[in-house]
Every structure is written in structure tokens, then in C-alpha cells.
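Asks: this is the structure alone, sequence omitted:
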């Protein structure tokens with residue numbers, strides 16, 4: 001497995017082990033959105049891969065974002081969405097580590113972003129900044 005897949009797999013496994021969440025829709029996997037059912041959308045983004053030190057075989061720092069978008073039925077208030085957001089912010093707390101099979105991923109920060117409506121859902125994105133060393 002590649003380092004990017006190792007990182008993604010570690011983050012996905014942590015998310016999958018989070019209790020009390022609605023359905024989770026991982027990237028590029030078929031899913032069926034039901035207008036009356038909450039869900040979490042996942043997006044994995046690599047933002048950079050740079051040498052962490054100099055030399056002929058430098059260690060690399062890889063970093064990126066893990067975006068979790070919590071979606072609840074529109075016109076039902078923000079409370080349910082924010083309950084899920086709080087749970088996810090606790091699960092991906094800044095300055096914590098996520099141990100994968102082949103790599104440890106460090107969480108730099110996690111924070112909720114501005115909510116938006118994507119009919120028929122009210123959505124709140126969570127931005128989780130991560131990094132790992134290869």
C-alpha cells in the first residue's frame with residue numbers, strides 16, 4: 001500500500017470506529033442519500049509532501065486535510081448536526097495521534113466551518129489538518 005493510502009486508511013478507520021454517527025459516505029464509494037436521514041461525507045486531501053530534513057535520503061513530511069461534512073435534514077434546526085460535530089471534534093482532537101497499520105498520523109487541529117444548505121440537507125463541514133512523516 002502507498003503512504004497516501006496508509007494515511008487515508010488510518011483516518012478512515014478512526015472515523016469508522018466513532019460511535020453514534022449516522023451513515024458515513026466515503027469518497028468514490030456508491031451511496032444513497034435519503035432526504036430524511038443524516039449522514040457524514042468524507043473527503044481526503046493531500047496538500048504537500050516536502051523534505052523534513054536535507055540529505056540524500058530525506059524524511060518527508062506529508063500533510064493535508066480530512067474534511068468531514070455532517071449533513072442533517074433541512075428545516076430541523078442545527079442541534080443534531082452540532083451534536084455530531086462535537087463528537088467528531090472530540091474524536092479528531094488537535095495534537096492527538098492516529099495509529100495506522102503502517103504509519104502514525106498526527107492531528108494538527110480540527111475545527112468546524114460555516115454551515116450551508118445543500119437541499120435537502122443542512123451541512124456543517126469539519127476541517128481536520130493532519131501530517132505524517134514518511
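Replies: Ah, there it is. Please read all numbers here as calculations on a predicted model, not as lab measurements.
Asks: going by C-alpha atoms from here, please, whenever you check contacts or count neighbours.
Replies: OK.
Asks: quick one: terminal-to-terminal distance for stretch 97-115?
Replies: 27 Å (C-alpha to C-alpha, to the nearest Å).
Asks: give me the number of neighbouring residues for residue 33.
Replies: By the measure other C-alpha atoms under 10 Å, the count of residues near residue 33 is 13.
Asks: for stretch 47-66, buried residues please.
Replies: For stretch 47-66, burial by neighbour count (16 or more other C-alpha atoms under 10 Å) applies to 60, 62, 63, 64, 65, 66.
Asks: and the contacts of stretch 31-48?
Replies: The contact list for stretch 31-48, computed with C-alpha atoms under 8 Å, 6 or more residues apart in numbering, reads 4, 8, 21-27, 61-73, 120-121.
Asks: nope, stretch 13-21 is what I was after
Replies: 24, 39, 40, 84, 88, 91, 98.
Asks: how about that stretch: buried residues?
Replies: Neighbour-count burial for stretch 13-21 flags 15, 21 (criterion: 16+ other C-alpha under 10 Å).
Asks: that concludes my questions; thank you for your assistance.
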